[in-house]
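Fold the following for me, if possible:
(one chain, ligands or ions: 1)
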Amino acid sequence: MSQPMLLKSALSRVSILSSNRLIGPGLSRASFEAGNNRPTALSASFTSQDVSPGQPKLLVFGGRGFVGSNVCKEAVGMGLTVLGISRGGTPPLIHEPWVGAVEWARGNALEPQTFVRHLEGADAVVSCIGGFGTTEEMLKVNGAANVSLIEAAKAAGVKRFVFISAHIPNIPGIDAVLGGYIRGKQATEEALRTHFPTSGVALRPGVIYGDRVVSSTLTLPLGMAFKPLEMLIERMGIDQAKQFAGVPLVGAAFVPPVSVETVARVAVRAATDPSVPSGLIDVWELASKDKR
Ligand SMILES: NC(=O)c1ccc[n+]([C@@H]2O[C@H](COP(=O)([O-])OP(=O)(O)OC[C@H]3O[C@@H](n4cnc5c(N)ncnc54)[C@H](OP(=O)(O)O)[C@@H]3O)[C@@H](O)[C@H]2O)c1
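Numbers count the residues shown, from 1 in each chain. Now for the predicted structure:
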């Protein structure tokens, strides 16, 4: 994708992914299982000492993307064996030592024969596959690709599955523009609930900020753009921001952005720690885990 296209895509995410409407019928509860209390467990810090001997194997689909590369980095820091999978099979354009600690492999989530062998012996999968485009493209990349991956992971005996879903803004008419994105995420959350009812976790961030590597010479420091909003929400308090966020249209401005490092940390924790309950981790919970 060209740089202007990438920038457009990044900015479109900024404008749309911020409010508090929950995705999908039957998924608006905080967990896949009734009475499943959401985690005090996540507030404890996860160190490499928590990793069991034999180094758990983690597969990160979309591992060379913005979120996926940060998930790989976090997992390497935890001492896990990490396999980053994308359609090209190449490492991200990042010059940091952790990149060399990840095994990079080719795999298309829509074609199980291209990746099933990698699932063998995998303890957990984190899927960071998603994107925008036409309705059909969005359904495919946010839905079908992830559903195919979830089914294959289940069949291969993978223990835990984490999906980076999204918080959908409370904007009238959003369905007309983003119907494919929304329904794709719904379909994946549904598949996760079906196939990993006790060990599947979906994260629903709004805007994710951090350094997005666009090319070997261009990194977009998206964190700077969101700092004022982050400070405003911090000052008013999460509870009050949550109330404002319920207001159609303008409410979208009050949903907190979350750092890519926090999303990665919570995702790796959810993938590796059986004490993290299955279900949804919403934007508010993610924001409360953000290191400021
Ligand atoms: N960025 C945000 O602000 C934000 C906010 C809320 C939610 N999210 C969600 O977080 C997830 C990650 O977002 P991101 O910003 O990191 O996007 P990204 O940088 O575009 O990464 C998406 C990755 O998906 C991979 N992919 C697409 N189709 C695939 C397929 N069929 N098989 C294997 N890999 C495939 C791409 O890899 P290749 O093209 O190399 O194959 C790419 O690395 C998405 O689900 C997104 O909806 C993002």
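
can you list the residues of the stretch 101-250 of the chain near the ligand?
Counting by Cβ under 6 Å from any ligand atom, the residues of the stretch 101-250 of the chain lying close to the ligand are 108-110, 128-131, 141, 145, 164, 166, 205, 207-208. No exception for glycine: its C-beta is placed from N, CA and C like everyone else's.

pLDDT check: weakest of those residues?
On pLDDT alone, Val207 ranks lowest of those, at 90.

Find the helix or strand that the closest residue to Trp98 other than its chain neighbours is a member of.
Nearest residue to Trp98, sequence neighbours excluded (Cβ to Cβ, 6 or more residues apart in numbering): Val76, at 4.3 Å. Take DSSP states H and E as the rule and Val76 turns out to sit in helix 66-77.

List the buried residues for the very next helix or strand once past that helix?
Next along the chain after helix 66-77, taking DSSP H and E as the criterion, comes strand 81-86. By neighbour count on 16 or more other Cβ atoms under 10 Å, the buried set for strand 81-86 is Thr81, Val82, Leu83, Gly84, Ile85, Ser86.

restrict these to those near the ligand?
Of the buried residues of strand 81-86, the ones that also sit near the ligand (Cβ under 6 Å from any ligand atom) are Ser86.

want to try a markdown table for the buried residues of strand 81-86, with pLDDT and distance to Ala122 as columns?
Converted to a markdown table, those look like this (pLDDT from 0 to 100; distance: Cβ to Cβ, whole Å):
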| residue | pLDDT | distance to Ala122 |
| --- | --- | --- |
| Thr81 | 97 | 9 |
| Val82 | 98 | 11 |
| Leu83 | 98 | 8 |
| Gly84 | 98 | 13 |
| Ile85 | 98 | 11 |
| Ser86 | 94 | 16 |
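
and of the buried residues of strand 81-86, the nearest to Ala264?
Val82 (11.8 Å; Cβ to Cβ).
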